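> Quick one: sequence and predicted model below, then my questions.
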Amino acid sequence: FHYFKHYVISISGIIFWIIVIFLKDETKKIIVLIFTSISIAIILIEILSFFYVSYIKSKNIFINDLDSSTKKFDSKTKKDSNDLIIEGFDSTTKEYDSRTRKEVYDDFNKKNIEAVVVIQPSKHYGEISDINYTVYPLSGISKKTTIFCNESGKYSIYESDRYGFNNPDIVWEKELVDYMLVGDSFVHGACVDPGDDIAGKIRKKNNLNAINLGMAGNNPLFNLAVLKEYAVKKKPKRVLWFYFEGNDINEMRTLKDNIILKKYMNTDFTQNLINKQDEIDKVLFEVLQKEIQIYYRMMIMKEEKVNQKKNKISSILRLANMRYLIRFDDFFNLEDKTIITKEEVKIFEKTILESKNLVEKWGGEFYFVYLPEFIRYKNYYRNKNYKKIINIVKSNGIPLINIHSEVFVKQKNKLALFPSVRNIQSD
């Protein structure tokens with residue numbers, strides 16, 4: 001299956017040129033001229049795609065990003081110095097902030113502001129590390145200026161609460177919690193201003209107390225764990241469990257055998273994290289320092305530039321970047337590794353049932369929120385888990401908020417609901 005697309009393209013090309021051989025000379029010349037022109041155009045598009053993809057990927061690396069260039073930005077045309085349109089750019093900003101997270105972090109330190117960067121909880125559970133984990137965190141560093149990400153021209157930076165989540169700290173002082181949200185980066189508030197995350201919108205629009213327990217990279221296993229550690233104390237009236245179809249199953253798959261996360265499947269297990277924030281902060285500061293050391297080691301590895309150039313040329317000749325942007329390989333991917341297995345169905349179902357039962361024990365209401373991914377409405381789409389996930393939720397009597405069927409299906413221009421800034425238009 002892996003080489004299927006190569007066979008199709010190669011055989012089609014051979015048949016095409018065999019047919020061309022038997023055509024008239026004048027027709028051959030026209031075909032060769034057209035083929036040459038198209039080939040040159042494709043290579044030029046691939047070169048532009050290479051710069052665009054390199055730029056996108058450079059902004060998504062944690063802090064090990066070596067790109068320190070500054071790209072000026074035209075607020076009228078919404079284009080940067082590579083003439084690439086930046087969707088969702090705030091026209092009131094005069095310059096696109098192309099600093100890496102490490103550079104933003106350094107700039108804060110120069111101003112004597114102790115800032116930190118977002119550290120995904122999945123990092124502690126999925127990697128073999130020399131970090132001395134006395135606890136396994138499910139949140140970030142508490143009460144610190146926290147640098148997140150940049151999709152719209154400026155960085156998302158928020159002040160973390162007493163437990164390291166993206167909330168005003170006062171939400172924990174209020175006795176009544178109307179909503180508590182769990183999920184991944186969409187809930188966390190990736191790349192939007194403080195207060196423009198989903199929980200922030202609920203607080204502003206409805207004047208209700210909403211607590212955001214989302215963290216980037218979380219999956220159903222983490223959702224259950226974070227409810228046990230932090231929701232039990234506050235006993236919210238409603239819990240919104242967000243499921244993102246783009247990667248939640250794949251990320252659950254990579255960590256389903258983790259010893260700590262498996263323990264949360266047993267109803268009585270807890271690390272008592274809500275009372276160990278000093279210990280959590282100590283561990284996370286150690287992780288942060290390790291990441292900074294890795295960054296500086298990478299800065300020294302200049303001798304690898306020759307190999308990097310060879311790899312760049314090779315990727316251009318293979319049209320790797322253009323294929324990445326149009327998801328060409330996905331179209332030919334007959335072996336769909338995203339399909340949820342029977343074992344994973346059981347784990348997923350047990351996870352949401354444990355969460356539902358936990359919430360209902362204190363009289364709370366549990367809702368499952370299904371989030372569709374951007375590519376569903378853009379290119380060829382191959383996610384066969386949709387019906388399975390929906391059926392699991394409905395068969396267990398869990399109230400479902402299906403954003404795909406209740407929002408996107410009713411829209412003519414579905415892609416318009418996907419600005420670069422993920423949550424800013426959630427009103």
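Now that the structure is in, tell me what you want to look at. Only a predicted model underlies this, so the values are computations on that prediction, with no experimental measurement involved.
> check contacts around Leu227.
By C-beta atoms under 8 Å, 6 or more residues apart in numbering, the residues touching Leu227 are Met180, Val182, Leu213, Val239, Ser355, Leu358, Val359. Where C-beta positions appear, they are placed from N, C-alpha and C, glycine not excepted.
> Would you verify that the first one is located in a helix?
No: using DSSP: H, G, I helix; E, B strand; the rest coil, the secondary structure at Met180 is strand, not a helix.
> Share the number of residues neighbouring it, please.
If you count neighbours by other C-beta atoms under 10 Å, Met180 ends up with 26.
> Leaving out the residues flanking it, which one is nearest to Phe53?
I think there's a mix-up here, since residue 53 is Val and not Phe. Asn321 (4.4 Å; C-beta to C-beta, 6 or more residues apart in numbering).
> And Ala115, its phi and psi?
Dihedral pair for Ala115: phi -100, psi 160, per degrees, to the nearest 10.
> So it is in contact with Lys143, correct?
No: using C-beta atoms under 8 Å, Ala115 is not in contact with Lys143, being 11.9 Å away.
> Mind jotting down where the helices sit in the stretch 101-250 of the chain?
For the stretch 101-250 of the chain, applying DSSP state H, counting those that start in this stretch gives helices covering 101-110, 122-126, 185-188, 198-206, 220-226, 232-234, 248-255.
> Out of those, which is closest to Tyr386?
helix 248-255 (10.8 Å; C-beta to C-beta).
> so what secondary structure elements neighbour the helix or strand just after the closest one?
Following helix 248-255 in sequence order, the next helix or strand is helix 259-263 (DSSP states H and E). Contact partners of helix 259-263 among helices and strands, from 3 or more C-beta pairs under 8 Å, 6 or more residues apart in numbering; DSSP states H and E: helix 220-226.
> Looking at the helices of the stretch 101-250 of the chain, which is nearest to Ile38?
helix 248-255 (35.7 Å).
> Can you tell me the centre-most residue of this protein?
Ser185 (5.8 Å; C-alpha atoms, centre = their mean).
> how deep is Asp25 tucked in, by neighbour count?
7.
> where does it land on pLDDT?
pLDDT, Asp25: 89.
> ok so, going back, in contact with the residue nearest to the centre of the chain, which residues?
Contacts of Ser185 (C-beta under 8 Å, 6+ apart): Gly214, Met215, Ala216, Gly217, Arg422.
> So Phe148 is in contact with Ala190, correct?
Yes: between Phe148 and Ala190 there is a contact under C-beta under 8 Å: 6.3 Å.
> Test my guess that Glu365 contacts Val239.
Yes: if you go by C-beta under 8 Å, Glu365 and Val239 touch, sitting 7.3 Å apart.
> ok, those two, which is more surrounded?
The neighbour comparison of Glu365 against Val239 (other C-beta under 10 Å) goes to Val239, with 26 against 14.
> Tell me the bridge partners for the more buried one.
Met180, Phe366 (DSSP bridges).
> Quick check: the gap between it and Ile14.
58 Å (C-beta to C-beta, to the nearest Å).
> So between Ala115 and Lys143, which is more surrounded?
Ala115 (18 against 15).
> Once you drop chain neighbours, what's closest to the more buried one?
Phe108 (3.7 Å).
> Verify the stated contact: that neighbour with Tyr155.
No: with contacts counted by C-beta under 8 Å, Phe108 stays clear of Tyr155, the gap being 10.5 Å.
> Between those two, which contacts overlap?
Ile147.
> mind showing which ranges of the stretch 251-400 of the chain have poor pLDDT?
The stretch 251-400 of the chain contains residues with pLDDT under 70 at 296-312, 324-338, 379-380, 382.
> And the helices in it?
Counting by DSSP H, counting those that start in this stretch, the helices of the stretch 251-400 of the chain are 259-263, 277-300, 305-317, 320-326, 328-331, 342-361, 386-395.
> Could you dump the ones you listed into CSV and include distance to Asn209?
Below are the helices of the stretch 251-400 of the chain laid out as CSV (distance: least, C-beta to C-beta, whole Å):
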stretch, distance to Asn209
helix 259-263, 29
helix 277-300, 21
helix 305-317, 50
helix 320-326, 42
helix 328-331, 42
helix 342-361, 16
helix 386-395, 26
